[in-house]
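>>> Have a look at this prediction, sequence included:
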Amino acid sequence: MSKGLISREDDYSQWYNELVAKADLAEHSAVRGCMVIKPYGFAIWEKMQAVLDQMFKDTGHSNAYFPLFIPKSFFSKEASHVEGFATECAVVTHYRLKNDGKGNIVVDQDAKLEEELIVRPTSETIIWNTYKGWIQSYRDLPILVNQWANVVRWEMRTRLFLRTAEFLWQEGHTAHATAQEAIEETERMLEVYAQFAENWMAMPVVRGRKTASERFAGAVDTYCIEALMQDGKALQAGTSHFLGQNFAKAFDVKFAGKDGKLDHVWATSWGVSTRLIGGMIMAHSDDSGLVLPPKLAPIQVVIIPIYKTEMEFDQISSIAKDLVGQLKKKNIAVKYDDRDSQRPGYKFAEYEMKGVPVRLTIGGRDLENGTVEIARRDTKEKQTISREHVDQFIVELLDDIQVTIYNKALKFREQNTRKVDSYAEFKRVLDEHPGFILAHWDGTPETEKQIKDETKATIRCIPLNSEQEVGQCMVTGKPSSQRVLFARAY
RNA sequence: CGGGGUGUAGCGUAGCCCGGUAUCGCGCCACAUUUGGGAUGUGGAGGUCGUAGGUUCGAAUCCUGCCACCCCGACCA
């Protein structure tokens, strides 16, 4: 394996692919479109899961688990839902293999399933079929359930983490007595995602609503968070859907209100996936490798010894182990890399590639001076400090790195978000300055499609809480009351 | 799924046109010297040339199918 990475400027796609491989995050599997998430990559996902799971619990949700397989008939009940997912479903048709007598293992045609099973691309249908049995009265509501699961969407083109045929995610599915309550839930969970993206991933996001054509299949309204990657392309990082009564009607889920009247239940669903890892990679990393936000880094601090003699090594190790103890007490994930098989320079490069936020080096000079050298991954700055109070110094440094990379990403987004007022300018900016574009749109799917067909840019969202501004659609000249966010997207 | 490209040791490659079981670098193993930014020397291991067929005395090389990956399109929460 060659040592470095191709630069982002030379080939952004290749840079991403090399980084995923060399940082030991994931690799392609023997199965088309499916990835193997390696231990280091999975450790990032586990950190994300732990934080999100707590956030879901803090907002009143409980975890449950529903089946991988969905009967085809369930799937067909909600018309727009089936239409949206039909072209990318894996279907199980048989339940047995047999030996054909010539030494080949073949599908046993006698073992055909009475009803085919769909491998879930999302679980609304099986869940609403189940909720029907759970809900009779308003007293059974709300139901606030989340599940951590894998889903399968048979994608044509895949990229590690960003779009794979199978991926890991969580999907929340809630049931409510009123539309208002469900809408509040939809908005609450969008905000949970936004907070997670910004405070934990250090990735600024735009909160918004999808246009009708970008909406989740079966939703009344889809909210999303959109992030800007370093190549100027947008990434949808999370979605939260107000499903109205669509699934309740499709699965006949009614409840009796206080007044005794029957009504269909109101629903939401919301999810984020391992795609977040791809987003986090592209938001922060540089030509030396991964840059991880300290709050989600599997290893936050690595300690590397530099020594000439066995005796020196022993002295350094004793100090290093003491530091490990101190840092662990502060809940910092620290690793002492005492491998004798690699030289220090090799280790420096390796942990840079893996995005470890802080590197602490102890060598002979430090033994004499009572110091350690501290290097931060995000800026590559190095400084030598006294060994006393190293723990507190590192606590503050990790916080500072978290803030610094967020601010850097935010500045990047601000510098690459442009207001545009004519279609000609829109096309020019799109090519010359890839990024977010705020422009007026007449609100019709026809115009949206025309823009997409002609420029490959899509409306990422209609931003929430953005200023109302009278304007004219850049394509048709029809009136518009606010700018919407355009970009080319992943 | 359409167009183009690639597939040779863990990784990157030469050889392919003009058929005779394979080159080089990195990595790996052993030993020695080394260790403050990807060490050096010596010795060594590692290959059904993506895969399945075909042509041939003989296939990495020629032909066909299939698989995977990359780029571009189509598709896509």
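Structure's in. What do you need? Bear in mind the structure is a predicted one, so any value in this text is a computation, not a measurement.
>>> Spell out which parts of the stretch 251-400 of chain A neighbour RNA strand B.
Counting by C-beta under 7 Å from any atom of the strand, the residues of the stretch 251-400 of chain A lying close to RNA strand B are A:271, A:273, A:288, A:306-308, A:340-341, A:343-346, A:348-350, A:352-353, A:359, A:361-367, A:373, A:375, A:380, A:382, A:384. C-beta coordinates here come from the backbone N, C-alpha and C atoms, glycine included.
>>> which residue ranges form the strands in the stretch 151-300 of chain A?
Counting by DSSP state E, counting those that start in this stretch, one finds strands in the stretch 151-300 of chain A at the ranges A:166-176, A:206-209, A:221-228, A:234-244, A:254-256, A:262-264, A:266-273.
>>> Kindly reformat those strands as JSON lines and extend each row with mean pLDDT and distance to residue A:411.
Putting these into JSON lines (pLDDT from 0 to 100; distance: least, C-beta to C-beta, whole Å) gives the following:
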{"stretch": "strand A:166-176", "mean pLDDT": "96", "distance to residue A:411": "30"}
{"stretch": "strand A:206-209", "mean pLDDT": "97", "distance to residue A:411": "15"}
{"stretch": "strand A:221-228", "mean pLDDT": "96", "distance to residue A:411": "11"}
{"stretch": "strand A:234-244", "mean pLDDT": "96", "distance to residue A:411": "17"}
{"stretch": "strand A:254-256", "mean pLDDT": "98", "distance to residue A:411": "49"}
{"stretch": "strand A:262-264", "mean pLDDT": "98", "distance to residue A:411": "47"}
{"stretch": "strand A:266-273", "mean pLDDT": "97", "distance to residue A:411": "25"}
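>>> Turn these into TSV, columns for mean neighbour count.
Below are those laid out as TSV (neighbours: other C-beta atoms under 10 Å):
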stretch	mean neighbour count
strand A:166-176	22
strand A:206-209	21
strand A:221-228	26
strand A:234-244	25
strand A:254-256	18
strand A:262-264	14
strand A:266-273	26
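>>> ok, the residue positioned nearest the centre of chain A - contacts?
Within chain A, the residue whose C-alpha comes closest to the C-alpha centroid is residue A:276; the distance, by C-alpha atoms, centre = their mean, is 1.7 Å. Residues near residue A:276 by C-beta atoms under 8 Å, 6 or more residues apart in numbering: A:48, A:197, A:201, A:237-238.
>>> Show me which of those residues is closest to RNA strand B.
Taking C-beta to the nearest atom of the strand as the measure, RNA strand B lies nearest residue A:238 of those, at 8.2 Å.
>>> Tell me how many other residues crowd the spatially closest residue to the closest one that is not a sequence neighbour.
Distances taken as C-beta to C-beta, 6 or more residues apart in numbering place residue A:193 nearest to residue A:238, at 3.8 Å, with adjacent residues excluded. Each residue near residue A:193 was counted by other C-beta atoms under 10 Å, and the total is 24.
>>> same thing with the one 10 residues further on?
Using other C-beta under 10 Å, residue A:203 has 28 neighbouring residues.
>>> Give me the phi and psi angles of it.
With angles defined as degrees, to the nearest 10, residue A:203 shows backbone torsions of phi -120, psi 110.
>>> okay, it: pLDDT?
The confidence metric pLDDT takes the value 98 at residue A:203.
>>> Distance of it relative to residue A:287?
To residue A:287, residue A:203 is 19 Å away according to C-beta to C-beta, to the nearest Å.
>>> how much space is there between residue A:265 and RNA strand B?
For residue A:265, the distance to RNA strand B equals 20 Å [C-beta to the nearest atom of the strand, to the nearest Å].
>>> what's the spacing between that residue and residue A:169?
Counting by C-beta to C-beta, the gap from residue A:265 to residue A:169 is 23 Å.
>>> before we move on, back to that, compile the strands of the stretch 151-300 of chain A into a markdown table and extend it with columns for distance to residue A:41.
Written out in a markdown table, the entries for the strands of the stretch 151-300 of chain A read as follows (distance: least, C-beta to C-beta, whole Å):
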| stretch | distance to residue A:41 |
| --- | --- |
| strand A:166-176 | 11 |
| strand A:206-209 | 27 |
| strand A:221-228 | 19 |
| strand A:234-244 | 17 |
| strand A:254-256 | 43 |
| strand A:262-264 | 42 |
| strand A:266-273 | 14 |
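>>> Tell me how many other residues surround whichever residue of the stretch 151-300 of chain A sits closest to RNA strand B.
Using C-beta to the nearest atom of the strand, residue A:156 is the residue of the stretch 151-300 of chain A that sits closest to RNA strand B, at 3.2 Å. Close neighbours of residue A:156, defined as other C-beta under 10 Å, add up to 9.
>>> Now for the residue lying closest to residue A:357 once chain neighbours are set aside, how many residues are close by?
With C-beta to C-beta, 6+ apart as the measure, residue A:294 is the residue that lies nearest to residue A:357, at 4.5 Å, once sequence neighbours are left out. One way to gauge burial is a neighbour count; for residue A:294, by other C-beta under 10 Å, it gives 26.
>>> From RNA strand B, how far off is the residue in chain A sticking out farthest from the centre?
Among the C-alpha atoms of chain A, the one most distant from their mean position (C-alpha atoms, centre = their mean) is that of residue A:101, at 47.8 Å. Residue A:101 is 18 Å from RNA strand B, where distance means C-beta to the nearest atom of the strand.
>>> In a strand, that residue, correct?
No. Remark: residue A:101 does not belong to a strand; assigned using DSSP: H, G, I helix; E, B strand; the rest coil, it is coil.
>>> what about the nearest residue in space to residue A:170 that is not next to it in sequence, which SS state?
Counting by C-beta to C-beta, 6+ apart, residue A:148 is the residue found nearest to residue A:170 once chain neighbours are left out, at 5.0 Å. Taken by three-state DSSP, the conformation at residue A:148 corresponds to strand.
>>> any idea how far residue A:148 is from residue A:191?
Noted for residue A:148: a distance of 20 Å to residue A:191, by C-beta to C-beta.
>>> With residue A:368 instead?
Noted for residue A:368: a distance of 53 Å to residue A:191, by C-beta to C-beta.
>>> And the helices in chain A, which stretches?
With DSSP state H as the criterion, chain A has helices at A:12-22, A:39-58, A:72-75, A:79-85, A:124-134, A:179-195, A:246-250, A:275-284, A:310-329, A:344-353, A:364-369, A:390-415, A:423-432, A:445-455.
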